[in-house]
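K.L.:
fold the following and give me the result.
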Amino acid sequence: MSIFQQENPIKLYPVKDLGDQEKMEKEVYIRRLYDSAHQHFARQEYDSSFSILNDLIRDHPLASPDFYTLRGAIYQVRNDLQNALKDLQKATEIPNGDKVNYHYNVIKVLNQIGTQESFNQAENLTRRILSKNPLWDEGYFTLIGRLLTDVTLEKYISARNLFKQFLGILPQIQNEIIRTPERLERARGWFFVIGRMNIHFWFQENANFILHGLCLDLTPEQQVEEGLRKSVDSPLFWDSPNANFVENMIKRALLLKHPELPIFALLQIDCFPRNKDDILKNRTYNDRNLEIMSRVYSKMNIHFDKYEHLISAVPQALTYYYAYHDKSNAVMFRNINQFLRNICLDLNYVAPWLTPEGKPKDNKDIWRPGCGRKLKIAFISKYLSTAHSVLRDRSGIILNMYHRYKEDTEVMYYIFDKPDSLGSNFAGQIKEHIILPKDVRQQREILGNAKHDILVFCEIGMDVFTYYLSFGRYAPLQVDTWGHSDTSGQTSIDRYYSSKWYDTDDSFQDHYSEKLVRMNSLCTFYHDPLEWVSNGFRWKTREEYGFSKMNHIYYCSQSIFKLSPDFDRVLGEILFRDPYAIILIIDAYGLKDELIRTRWEDKFGLNMSRVHFMNKMPFADFLNVIKISDILLDSYPFGGCNSSLEAFRLGKIVVTLPGKMLNGRFTLGFYQKMGIIEPICEDIDDLIRKAVFFGTNQLERERVQNLIQEKYKCLFYEQDSIVEWREQLERDYLERTC
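P.N.:
Residues are numbered from 1 along each chain as shown. Here you go, the predicted model:
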């Protein structure tokens, strides 16, 4: 509550040597003057209020801290923040003042000043007050608001932990919050914010945040009646198995005009499931939740009128984390995408020159060999502008098609950001590239008016912009490929380009909503990774990284959220069986504490000390860590692709257990192409055995490393991929338009 909202804001202190009558008259006189200043302030007559306050402070400097607080507010209005801060700091020094409230005003001014120093002062002051006044809800919200400004994942985790503390004190202050509309709205708003941000990392806890936000204005008795509590004294709970409960929460969110919240809370997958049962249960619940949502949204006629409204409300690809379960997602993704199409009809965009089926309305726009114009092929990707795996595995195809087929083919690409140094190198070799504007409607119009014959999406599901754009139809042939290594689930995507080396037989078609194309080539023209390293780079030794020659270094170079519960056992057994083992893990997203807390702390025990986490690093340093390692561990079931190619270039063994899906079979395909089978495993036990065998047996390790060094060249600069991409695109285009 602000000082200006208090019922009795003025606090007077005795003036010495005055008789009781004279003292009382003096207090009444001062109070009238202050009330007059306050009334002028309320009427926005700041000069009059300021004049009265100046006289009061001059004649009665110790009478009340409210004089300084009100004058500080006038300084704030005038944007004279330094003087406002001085006045508020004086107010806090006067004995017996309402220090929490005054400090809160100081914090607001410090945040308005806006320097890093003032931000730090505000944060420290807030934390200090919270430690002494743990029921101060404004303190939680102020600090959380600061953490979520220019938010990083680390700040988000801190904000989330503060919310946990707030949930702990909520029962003690809930009734007070409910009685104050401003505090109620602010509390509910923060629950929504914290529940929406990065919810896919922590499904269960964030679902609880959303639940509290939706139910905060219900009395405990009403919460019991609606099945949100077991009893008045018990906490709120998130009862996923109860379909009626889920339906009630969806309806409540919609009545409160937050149609995005059920989508966040009910369709996300936990980034760190504890075991296979958790994965299966989460997928089963989500499938049921989607059916309930579809029915309720339709019945209540809930829609997002515009494409940009949906992407603003749900700013992420909902399908992303399903890819890490070693299960077919074709049906699930189709259903999720159809649900989004139903609640936002504007997603179903069709370029004005095409029919709804994707065929050109005018025959003149249909390309045929010898028709007098070039076949127009465009690629679109969030990651062709930066040093990303998609740039490394797709740029070779684009670049070579651009130069080799210039006579009859026009090749270009779209990106969303200004290229970094590596992206600029690529862009410098292909002039025909466009940086799309940030406005999503403009992006769609540019693609729709370009009249491309073929549009290739490089990583549907990995990035929000390409995910939502993939709902539209911009070209007669639209293709997805393995930047994200999973089906798109889109009716607007016609083909999925893969390879016989990964999708090994026709049965894999069941995993795709698109028609699967299994190329005979590797489906990528991959450059030698050492080309991306400057000549001046100095390779470090393992000793410079702090490891000795006695250590056996096992490097798992995959993103931390690829590490499944099954793979935990692999890491734990390696640490148990090899006392000299050091396991290196990349933590580019600041998630290690969450992973350790939820799974590894109990499983690894004292062996956790031999697990080393490395931050995100430049590409050359990434290769350097591969070079100093003894063995690379391919994560299971979602394995590596680029990282395996980079390891093979450096002559390193990657021990792999192939998954059922494309995203767990790249390393298998590379080994089969090289004609090497020893590091390919049959099951988890075999993966553990071979990892420790090659990690501890130097002679056998060097034997297989020599084989890799003899064979790796067949994985790079593959000419067949360029030819097959060009021929396959033309063949599929003609099939679509004939």
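K.L.:
and the longest helix anywhere in the chain, what does it pack against?
P.N.:
The helix spanning the most residues in the chain, taking DSSP state H as the definition, is helix 153-178. Contact partners of helix 153-178 among helices and strands, from 3 or more CB pairs under 8 Å, 6 or more residues apart in numbering; DSSP states H and E: helix 137-147, helix 181-196, helix 203-215. (Each C-beta comes from the backbone N, C-alpha and C, glycine too.)
K.L.:
tell me who's in contact with the closest residue to Ser231 other than its chain neighbours.
P.N.:
By the measure of CB to CB, 6 or more residues apart in numbering, the closest residue to Ser231 outside its immediate chain neighbours is Val224, 6.4 Å from it. Counting by CB atoms under 8 Å, 6 or more residues apart in numbering, Val224 makes contact with 230-232.
K.L.:
so where does Val224 fall, helix or strand?
P.N.:
With secondary structure defined by DSSP states H and E, Val224 is part of helix 220-225.
K.L.:
what's the answer for Phe567, then?
P.N.:
helix 565-577.
K.L.:
residues contacting that helix, please?
P.N.:
Helix 565-577 is touched from outside by 273-276, 278-279, 554, 556, 563, 581, 583, 599-600, 603-604, 607, 610-611, 633, 635-637, 684, 687-688, 691-692, 695, with contacts defined as CB under 8 Å, 6+ apart.
K.L.:
repeat for stretch 265-277
P.N.:
With CB under 8 Å, 6+ apart as the criterion, stretch 265-277 contacts 195, 199-204, 206-207, 210-211, 246, 249-250, 278-279, 282-283, 285-286, 289-290, 293, 318, 321-322, 325, 336, 561, 564-566, 591, 594-595, 598-599.
K.L.:
give me the buried entries from the residues you listed.
P.N.:
Neighbour counting with 16 or more other CB atoms under 10 Å marks 195, 199-203, 206-207, 210-211, 246, 249-250, 278-279, 282-283, 285-286, 289-290, 293, 318, 321-322, 325, 336, 561, 564-566, 591, 594-595, 598-599 as buried within the contacts of stretch 265-277.
K.L.:
go ahead and confirm Gln709 touches Lys652.
P.N.:
No - if you go by CB atoms under 8 Å, Gln709 and Lys652 don't touch, sitting 9.7 Å apart.
K.L.:
how about Tyr671, secondary structure?
P.N.:
Here Tyr671 is recorded as helix under DSSP: H, G, I helix; E, B strand; the rest coil.
K.L.:
how about it, what does it touch?
P.N.:
Here Tyr671 is in contact with 656, 677, 679-680 (criterion: CB under 8 Å, 6+ apart).
K.L.:
most neighbours among those residues, which one is it?
P.N.:
Among the contacts of Tyr671, Thr656 has the most neighbours (other CB atoms under 10 Å), with 27 neighbours.
K.L.:
beta partners of that one?
P.N.:
On the basis of DSSP bridges, Thr656 is bridged to Ile680.
K.L.:
report the contact partners of it.
P.N.:
Contact partners of Thr656, counting by CB under 8 Å, 6+ apart, are 634, 636, 639, 644, 667-668, 671, 679-681, 687.
K.L.:
and if you look at Tyr468?
P.N.:
So, once contact is read as CB under 8 Å, 6+ apart, Tyr468 ends up touching 307, 310-311, 347, 440.
K.L.:
can you tell me how far the residue nearest to Leu148 when sequence neighbours are not counted is from Leu522?
P.N.:
Ranked by CB to CB, 6+ apart and with sequence neighbours excluded, the top spatial neighbour of Leu148 is Ala159, at 5.5 Å. Using CB to CB, to the nearest Å, we find Ala159 at a distance of 44 Å from Leu522.
K.L.:
give me the neighbour count for Asn535.
P.N.:
What Asn535 shows, counting by other CB under 10 Å, is a neighbour count of 4.
K.L.:
element containing it?
P.N.:
Going by DSSP H and E, Asn535 is not part of any helix or strand.
K.L.:
repeat for Val411
P.N.:
Using DSSP H and E, Val411 maps to strand 409-415.
K.L.:
tell me how far Ile169 lies from Gly145.
P.N.:
For Ile169, the distance to Gly145 - CB to CB - is 18 Å.
K.L.:
what's the answer for Asn535, then?
P.N.:
The spacing between Asn535 and Gly145, counted by CB to CB, is 48 Å.
K.L.:
and if you look at Val611?
P.N.:
Distance, Val611 to Gly145, using CB to CB: 35 Å.
K.L.:
and what of Ser534?
P.N.:
For Ser534, the distance to Gly145 equals 43 Å [CB to CB].
K.L.:
Lys431 too?
P.N.:
Distance of Lys431 to Gly145, computed by CB to CB: 45 Å.
K.L.:
one more: Asp621?
P.N.:
Distance, Asp621 to Gly145, by CB to CB: 36 Å.
K.L.:
repeat for Ile250
P.N.:
Separation of Ile250 from Gly145 (CB to CB): 28 Å.
K.L.:
cool, and Lys230?
P.N.:
In this view, Lys230 and Gly145 are 33 Å apart by CB to CB.
K.L.:
quick one: low-confidence parts of this protein?
P.N.:
The model of the chain has pLDDT under 70 over residues 1-21, 23, 63, 88-103, 151, 153, 197-205, 238-240.
K.L.:
which parts of it are strands?
P.N.:
375-380, 409-415, 433-435, 454-457, 477-481, 495-499, 515-519, 552-556, 581-586, 611-614, 631-633, 654-655 (DSSP state E).
K.L.:
winner for burial among those strands?
P.N.:
Ranked by mean neighbour count under mean count of other CB atoms under 10 Å, the strands of the chain are led by strand 631-633, which reaches a mean of 28.
K.L.:
who does that strand pair up with?
P.N.:
Here strand 631-633 is paired, per DSSP bridges, with strand 552-556 (parallel), strand 654-655 (parallel).
K.L.:
what residues does it touch?
P.N.:
Residues from elsewhere that reach strand 631-633 (CB under 8 Å, 6+ apart): 552-557, 570-571, 574, 583, 626, 643-644, 647, 652-655, 691, 694-695, 701.
K.L.:
could you redo the last one with a cut-off of 7 Å?
P.N.:
With contacts defined as CB atoms under 7 Å, 6 or more residues apart in numbering, strand 631-633 is touched by 554-557, 570, 626, 647, 652-655, 691, 694-695.
K.L.:
just the closest of those to Thr409, please.
P.N.:
Set against Thr409, the nearest of these by CB to CB is Ala647 (34.0 Å).
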